[in-house]
Structure formats: structure tokens, C-alpha cells
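Undergrad: please work out how this folds:
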Amino acid sequence: MRQRRIASFSVSAIGLGGMPMSIPGRKDRGTSIATIHAALDAGVTLIDTADAYTSPGDGQGHNEVLIAEALSSYGSDTSSVLVATKGGLIYSDPGPWARTGTPEYLKDAAKQSATRLGVESIGLYQFHRPDPDVPYAESIGALKELVAEGVVVHAGISNANVDQIREAHSILGDDLVSVQNQFSPAHLDSRPELDLCAELGLAFLPWSPLGGIKRAGELADDHAAFGEVATELDVSPQQVALAWELSLSEVVVPIPGASRPASIEDSAKAADLELSAEQLQRLGA
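TA: Predicted coordinates:
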């Protein structure tokens, strides 16, 4: 599978988003473990999670524990796998999830995430979403302290705008390695953030790169060009969407969610799908 870099890590060009395996409506635990194993079999070496990916009654960290279990039971070497997690949100049913960006909370949350993941240092720890009640610089300062303490190797931010990316970069310097924002054929609002990441050399990790859990299966209906190109290449529209996103910049690493093996197996093939200049022009339009 084609590789890309996130700072000191070489990762697969397509990652796995773990959220669908833990939120309400999820598959059974065996299917979720099998999905993670299928991702590893397909060459996926970036798995994204968060302590807020859970369901009522499970408490914070369900998905982190699930991923740790899947990695430990895989039966082959997983040392090349980068697990990226996030902190700063508290699961709530019904939503919205509570934003908690105080330095004290983030530092404690990161240490709890490391324990659940079974690691001494988290490869990539991301501030999940800005807290309007806490100055952004204070939240980012907590990430800087976590790196200095060795709790995390690299820091990232999520759901950030251009100004917040620049502010985080000014505080963290080379310790800031990624930005995770929503981006897909249906959600193009983060294109300025993607372009800034390319300028700064930061990885850009599109979440919901297929339009979201409820819309991913209807991608071709919503965006006809993706269905047309998929028919031409005899692949799924989802593969085409992910390959198109990869074509936008070398810093892009989509992280499609999956709750069953077939989904991530199909998505992983997008890493090596070649689109012609003419097809890319149609998709971009």
C-alpha cells in the first residue's frame, strides 16, 4: 500500500477511523475486532480513535480499549502501527458532546488514554475540538507539556480553522504534526485548512471522508461524477472519493470509518487507485 509520512512515522495512505465500532448502533465486539484485523491485513498502519468514542453505559475510552485488544490479539507484529487518539470531548447522549479543553483535563485524559491503549507514549495525541470557555493557547500549551513529559510523541489538532492552526503551530513548532478536519465531496469547507497544512508540512486527516456514516453509501447518488468514474474503473464510488482526496496533496491521509471488514478492505484499495487527469478534472468540478 502507498505510504505517507506523519512526522517520524511512515503510515499507510488510507487510515482507519474507529468511531463506528463504538458509538450507538455498533456491530458486536467480534465483528469490530475482525474489522481492525482486516485493516491490518490490508496494510493499514494508521488507526484513529478518541476517548469520546463510546456509547451509554460504557464510559470514556471504549474504542481505545477495543483497539488495544485488537492489536494485542492480532498475532503478528504491530510495531509499525500508529494509533492516534484524541481528548477534549466528553460523550453525551443525547448530544452535543461536552467540550473540555482545560490543561488539567487534557493532561489527565491523555494519561488515561495511554493506559487504555497499553502504551507508555501515545504516538499522536490530538486536541479534539476547541473549547469556547478556554483560551485556545492554554489547551495547546497542555499538548506541549505532554510532549515534554513524554506522555505523547507528537501532537495534533482537530476541528481547527486557519487561525487556530497557525496559533497551534506557533506554540508547538515541530511537535505539531497533523490537523484532523471534516472533508469529503460533500464537505469542502476545510479546503483552506488543507492548503495551509500543505504549506506548513502538516498531515491533513479528513474525518468522514465519504460524507459521514449515514451518507457514505449514497455517495454516488449525491455526487454523480464519482459514480461515473467508479463505473469506468469497476471499483466502488467510495474508493474513487478516497483516491481523489489523496490526489489533492501529499499531506492528505483520509481516515474512513468502518464497522465491518468488507468496508475497510474496499477503502484500503483506494491507496493504490490511479485516476487519470481527465477523471480528476471531472471529480474536482
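
Undergrad: CA only for contacts and neighbour counts going forward, please
TA: OK.

Undergrad: hey, where'd the strands end up in the stretch 151-285 of the chain?
TA: For the stretch 151-285 of the chain, the strands defined by DSSP state E, counting those that start in this stretch occupy 152-158, 176-180, 203-204.

Undergrad: next one: the second one to chain centre, how far?
TA: Its chain's C-alpha centre and that of strand 176-180 lie 10 Å apart, by CA atoms, centre = their mean, to the nearest Å.

Undergrad: could you check the angle that strand makes with strand 152-158?
TA: Here the directions of strand 176-180 and strand 152-158 differ by 40 degrees (axes from the mean of the first three to the mean of the last three CA atoms, to 10 degrees).

Undergrad: would you check how far apart the residue nearest to T102 when sequence neighbours are not counted and A155 are?
TA: Distance criterion CA to CA, 6 or more residues apart in numbering; nearest residue to T102, sequence neighbours excluded, is S139 at 5.9 Å. Applying CA to CA, to the nearest Å, the value for S139 to A155 is 12 Å.

Undergrad: again with A216
TA: 29 Å.

Undergrad: and the two? Which one has more around it.
TA: A155 (27 against 18; other CA atoms under 10 Å).

Undergrad: bridging residues for the more buried one?
TA: Y125, L176 (DSSP bridges).

Undergrad: buried ones in the lowest-mean-pLDDT helix or strand in the chain?
TA: Lowest on mean pLDDT, DSSP states H and E among the helices and strands of the chain sits helix 219-222, with a mean of 90. In terms of neighbour count (16 or more other CA atoms under 10 Å), helix 219-222 has its buried residues at 219-220.

Undergrad: check P94 and give its pLDDT.
TA: P94 carries a pLDDT value of 81.

Undergrad: that one belongs to a helix, doesn't it?
TA: No - counting by DSSP: H, G, I helix; E, B strand; the rest coil, P94 falls outside a helix, being coil.

Undergrad: just how off-centre is the least confident helix or strand of the chain within its chain?
TA: Distance, centroid of helix 219-222 to centroid of chain: 22 Å (CA atoms, centre = their mean).

Undergrad: and what of stretch 68-76?
TA: For stretch 68-76 - counting by CA atoms, centre = their mean - the centre lies 20 Å from the chain centre.

Undergrad: and what of stretch 77-89?
TA: Per CA atoms, centre = their mean, the centroid offset for stretch 77-89 relative to its chain is 10 Å.

Undergrad: export the strands of the stretch 151-285 of the chain to TSV and tack on distance to V252 and mean pLDDT?
TA: As requested, the strands of the stretch 151-285 of the chain are arranged in TSV below (distance: least, CA to CA, whole Å; pLDDT from 0 to 100):
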stretch	distance to V252	mean pLDDT
strand 152-158	14	98
strand 176-180	10	98
strand 203-204	5	98
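
Undergrad: and of the ones you listed, who's closest to I47?
TA: Closest to I47 of the strands of the stretch 151-285 of the chain is strand 176-180 (CA to CA; 12.9 Å).
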